[in-house]
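Engineer: from the sequence below, what's the structure:
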Amino acid sequence: MSDFDSELDASGLNCPLPILRAKKAIAAMDAGQTLKIIATDPGSVKDFEAFCKQTGNNLKSSGEEDGKFIFFIEKAA
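Structural biologist: From the prediction side, this is the model:
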């Protein structure tokens with residue numbers, strides 16, 4: 001997926017920093033915009049799933065590539 005409005009590289013950061021940085025980045029975005037997040041913490045997979053459920057934001061996709069976890073989150077209205 002290459003359609004996103006902003007990118008956050010949280011590589012090398014451990015919980016809860018990727019979530020906190022993503023929360024701050026999403027807050028600065030408009031509803032409907034998509035944030036791409038790159039993380040290396042394996043715990044971030046469950047963390048971002050829970051984050052989206054709690055905040056109502058849409059986890060459009062998540063995956064792993066070259067040992068990094070990639071997430072696309074669409075900001076809720």
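Engineer: switch to C-alpha atoms for all contacts and neighbour counts from now on
Structural biologist: Will do.
Engineer: please export the C-alpha coordinates of stretch 18-37 as CSV.
Structural biologist: Output of stretch 18-37 as CSV, limited to C-alpha atoms (Å, rounded to 0.1, in the frame of the first residue of the first chain):
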residue,chain,number,x,y,z
PRO,A,18,5.5,3.9,18.9
ILE,A,19,1.9,4.3,20.1
LEU,A,20,2.6,7.6,21.8
ARG,A,21,4.3,9.0,18.6
ALA,A,22,1.5,7.7,16.4
LYS,A,23,-1.2,9.2,18.7
LYS,A,24,0.5,12.6,18.4
ALA,A,25,0.9,12.3,14.6
ILE,A,26,-2.7,11.3,14.1
ALA,A,27,-3.9,14.2,16.2
ALA,A,28,-2.3,16.6,13.8
MET,A,29,-4.1,15.0,10.8
ASP,A,30,-7.5,15.5,9.3
ALA,A,31,-10.2,12.9,9.4
GLY,A,32,-9.9,10.4,6.6
GLN,A,33,-6.1,10.9,6.2
THR,A,34,-3.8,7.9,6.5
LEU,A,35,-0.7,7.5,8.6
LYS,A,36,2.0,5.0,7.6
ILE,A,37,4.0,3.7,10.6
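Engineer: give me the contact list for it.
Structural biologist: 3-10, 39, 44, 47-48, 51, 69-77 (Cα atoms under 8 Å, 6 or more residues apart in numbering).
Engineer: contacting residues around stretch 54-63?
Structural biologist: 45, 48-49, 52, 69-76.
Engineer: can you give me the pLDDT of the residue nearest to the spatial centre of the chain?
Structural biologist: Centroid check for the chain by Cα atoms, centre = their mean gives residue 37 as the closest residue, at 4.3 Å. Per-residue confidence (pLDDT) for residue 37: 98.
Engineer: and it, helix, strand or coil?
Structural biologist: strand (DSSP: H, G, I helix; E, B strand; the rest coil).
Engineer: mind checking how far it is from residue 73?
Structural biologist: Using Cα to Cα, to the nearest Å, residue 37 is found at 8 Å from residue 73.
Engineer: I'd like to know how far the residue nearest to the centre of the chain sits from residue 18.
Structural biologist: Residue 37 is 8 Å from residue 18, by Cα to Cα.
Engineer: and the pLDDT for the residue sitting furthest away from the middle of the chain?
Structural biologist: Largest separation from the mean C-alpha position in the chain: residue 66, at 17.2 Å (Cα atoms, centre = their mean). On the pLDDT scale, residue 66 is placed at 94.
Engineer: perfect, I'm done here.
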